[in-house]
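Student: Take this sequence and fold it.
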Amino acid sequence: MLLRRIESPGYPHYSYVVADDSTGLVIDPRRDVDLYLDIAASEGFRIADILETHRHEDFVSGSKELAGRTGATVWRAADDGVEGYASALSEGQEWAVGSRVLRAVRTPGHTPGSTSFLLDEGQGGPWALFTGDTLFAGEVGRTDLFGPEQAPDMARSLHASIMNMLGPLPDDVVVLPAHGAGSVCGAAIVDRPLTTLGFERRTNPKLSMDEADFVAAAAPDRLPPYLAIMRDLNTLGGRPVGSLRRPAALSPGDFARLIPQAQVVDARPTTSFVTSHIPGALSLHPEGFFAYAGWFLSYDLPVLLVCEPWLLEHTVTLLHRLGVDRVEAYLAGGMIAWHTAALPAERTPTMTVLDACTHLDEDASSWLLDVRRPTELATQGEIRNAHNIPLQELEERLDEVPSDRHVYIFCGSGVRSGVAASVLARGRGLQSTVMLGGFAGWRSTACPYEPPSQE
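Tutor: Presented below is the predicted three-dimensional model:
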């Protein structure tokens, strides 16, 4: 039997291929589906079924396109909507994979129709569980996708699913979730490539909580605006990737003429962006695309890209996985061509943590912005007199940033600071200084900070 996990560079999404010598199935496919077709061709099996653990709300599913190209049936729980392209699965429904059986186990909570799939060897017993967004390494799925009013009931459903439906399974069952660390679908997913039910029972704090504590721990959090768009796309199905127009290579002059009716995304590393960038560009390096793009990109405006040539295809693919289909053009020749054409550019000042440590003491007019999450402050510590606005909230809270003081931005290591600086410049026309190395660099020096209570 073939069991292969497919990882998606740029976002911690996992999909799975399960097959025997002649037929196979795919679980939770990503939007760009050629890889699954290549695996089936090279291994000599036919993709007969596509299983969705739930209606995904953080990326565009590839189920509809993969079904169209293979003739496979897409299965999803009716409670998550099947009117677009899926057939309704039922509790206990089975799919044969050679001598093994994959069985649907209803595990609502993350969504009303969330379903796990148990791979059973018959006399050998169950040995793998595809949990979707129900159970992750070190975490469980978020339960606030349908609003704060429904979140407590969804949390109770998830607790019951984990305790009642998964509880009877043996400890050695391998857990195969839909996401790894960094996903918006779980607050504190651990970077652990392999885990089992037994290990999670011993180490995952959520699995030892009673219902009341579980519901309290699942308090609603802010949702990226793009999740609602993903919900609609994955109900009806996104357009086939092959039908999307590839971005055109534009000269600096033609690129500049499109800017007033578009949004410029600078996908170069932060160090390149701060050195020189197009005014109003949003800094989004591919490593942080899914973490931040959904908070700041508009789905109503076309995207103009500035990126390294070797990252162009990867960057466009990431945008398509987010459902951003109007990637109109990229800057041919990059920023060198832009400068050669004598077009306007800006730079973002930077400062090392050592210089910042001295400068902030001497300059009473400075305003220090910390864009880390509150959980990071609680576990890592904070710089005295810093103002905390998490990056995901910055665009909605721009008015809290003073325009008459110079703003110094820091995050964990420096990447989010570049994004924040571009958001301030785009939204308020404010110039700020990025603190290189972030809080990690600050802590490695003798600069004073308030340690977390755990230390």
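
Student: would Trp338 count as being in a helix?
Tutor: Yes: with DSSP: H, G, I helix; E, B strand; the rest coil as the criterion, Trp338 is assigned to a helix.

Student: wait, Val190 sits on Leu135?
Tutor: No: at 11.9 Å, Val190 does not count as touching Leu135 under the criterion of C-beta atoms under 8 Å. Bear in mind the C-beta positions are built from the backbone N, C-alpha and C, glycine included.

Student: of those two, who's got more company?
Tutor: Under the criterion of other C-beta atoms under 10 Å, the comparison of Val190 against Leu135 puts Leu135 first, with 29 against 16.

Student: can you tell me how far the more buried one sits from Tyr14?
Tutor: Look at Leu135 and Tyr14: by C-beta to C-beta, to the nearest Å, they are 13 Å apart.

Student: between those two, what contacts are shared?
Tutor: Common contacts of Leu135 and Tyr14 (C-beta atoms under 8 Å, 6 or more residues apart in numbering): Pro177.

Student: for the protein, what are the low-confidence residue spans?
Tutor: With pLDDT under 70 as the threshold, the chain has low-confidence stretches at 290, 453-455.

Student: how does the protein divide up, domain by domain?
Tutor: Split into domains by automatic domain parsing, the chain comes to 2-229, 244-340, 350-443.

Student: Including distance to Tyr449, could those domains go into CSV?
Tutor: CSV is the format used below for these (distance: least, C-beta to C-beta, whole Å):
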stretch, distance to Tyr449
domain 2-229, 23
domain 244-340, 22
domain 350-443, 5
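
Student: Of those domains, give the one that comes closest to Gly237.
Tutor: Gly237 sits nearest to domain 2-229 of all the domains of the chain, at 3.3 Å, using C-beta to C-beta.

Student: Between the two ends of that closest one, what distance do you get?
Tutor: The first and final residues of domain 2-229 sit 34 Å from each other (C-alpha to C-alpha, to the nearest Å).

Student: ok, how many other residues are close to His17?
Tutor: Not quite, residue 17 is Val, not His. So Val17, with other C-beta under 10 Å, has 21 neighbours.

Student: likewise Leu368?
Tutor: Residues lying near Leu368 (other C-beta under 10 Å) number 19.

Student: Now do the same for it: helix, strand or coil?
Tutor: For Leu368, the reduced secondary structure class is strand; criterion used: three-state DSSP.

Student: Who does it form a beta bridge with?
Tutor: When bridges are assigned using DSSP bridges, the partners listed for Leu368 are Tyr408.

Student: show me what contacts it?
Tutor: Leu360, Ile383, Asn385, Ala386, His387, Val407, Tyr408, Phe410.

Student: ok, longest strand in the protein?
Tutor: As assigned by DSSP state E, the longest strand anywhere in the chain is strand 11-19.

Student: Show me what whichever helix or strand comes after it is packed against.
Tutor: Tracing the chain past strand 11-19, the next element assigned as helix or strand by DSSP states H and E is strand 23-27. Contacts defined by 3 or more C-beta pairs under 8 Å, 6 or more residues apart in numbering; DSSP states H and E place strand 23-27 against strand 11-19, helix 34-43, strand 46-51, strand 94-97.

Student: hmm, 7 Å instead?
Tutor: strand 11-19, strand 46-51 (3 or more C-beta pairs under 7 Å, 6 or more residues apart in numbering; DSSP states H and E).

Student: List the backbone torsions phi and psi for Glu328.
Tutor: Glu328 has phi and psi values of phi -80, psi -40 when expressed as degrees, to the nearest 10.

Student: one step back: for Gly238, find the nearest of the domains of the chain.
Tutor: For these, the distance to Gly238 is smallest for domain 2-229, at 4.5 Å, taking C-beta to C-beta.

Student: Distance from the chain centre to the closest one, please.
Tutor: Averaged C-alpha coordinates place domain 2-229 at 16 Å from its chain's average position (C-alpha atoms, centre = their mean, to the nearest Å).

Student: what's the answer for stretch 389-403, then?
Tutor: Stretch 389-403 has its average C-alpha position 21 Å from the chain's average C-alpha position, going by C-alpha atoms, centre = their mean.
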